[in-house]
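Generate coordinates for the sequence data below:
(one chain, ligands or ions: 1)
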Amino acid sequence: MVRKIAKCCCECSKALTRDEIALSKKLIGRNINEFFCIDCLAEYIDCSVEDLEVKILEFKEQGCALFL
Ligand SMILES: [Zn+2]
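Sure, this is the predicted structure:
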């Protein structure tokens, strides 16, 4: 059995969802090793959580591979 290590937010150590990981990669860069939860990511890039939620939906609608 392969156990996948859950990724955690590098700021607050909260366990991350697939969407949050994908969003970190999309907005910060694909080669990052540190990921942010949606709250910390909003602070990091200085926008609102609502903006990020909209972005997730947009990326999904665009069929971005990171979000599949
Ligand atoms: Zn966080």
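
From the ion, how far out is residue 58?
22 Å (C-beta to the ion, to the nearest Å). (Each C-beta comes from the backbone N, C-alpha and C, glycine too.)

again, but for residue 64
22 Å.

now residue 50
According to C-beta to the ion, residue 50 and the ion sit 17 Å apart.

swap in residue 35?
9 Å.

before we move on, what about residue 66?
In terms of C-beta to the ion, residue 66 sits 19 Å off from the ion.

Just the buried positions in stretch 50-66, please.
For stretch 50-66, the neighbour count (16 or more other C-beta atoms under 10 Å) marks 52, 55, 56, 59 as buried.

ok, these vs residue 30, which is closest?
residue 59 (13.3 Å; C-beta to C-beta).

For the closest residue to residue 11 other than its chain neighbours, which residues are in contact?
The shortest distance from residue 11 to any non-neighbouring residue, by C-beta to C-beta, 6 or more residues apart in numbering, is to residue 40 (3.9 Å). Applying C-beta atoms under 8 Å, 6 or more residues apart in numbering to residue 40 gives the contacts 9, 10, 11, 12.

Give me the subset of those residues that also touch the ion.
Applying C-beta under 5 Å from the ion, the subset of these adjacent to the ion comprises 9, 11, 12.

ranking those residues by neighbours, who comes first?
residue 9 (20 neighbours; other C-beta atoms under 10 Å).

Please tell me how far that residue sits from residue 39.
Residue 9 is 8 Å from residue 39, where distance means C-beta to C-beta, to the nearest Å.

Which helix runs longest in the chain?
helix 49-62 (DSSP state H).

what helices or strands is that one leaning on?
helix 18-28, helix 38-44 (3 or more C-beta pairs under 8 Å, 6 or more residues apart in numbering; DSSP states H and E).
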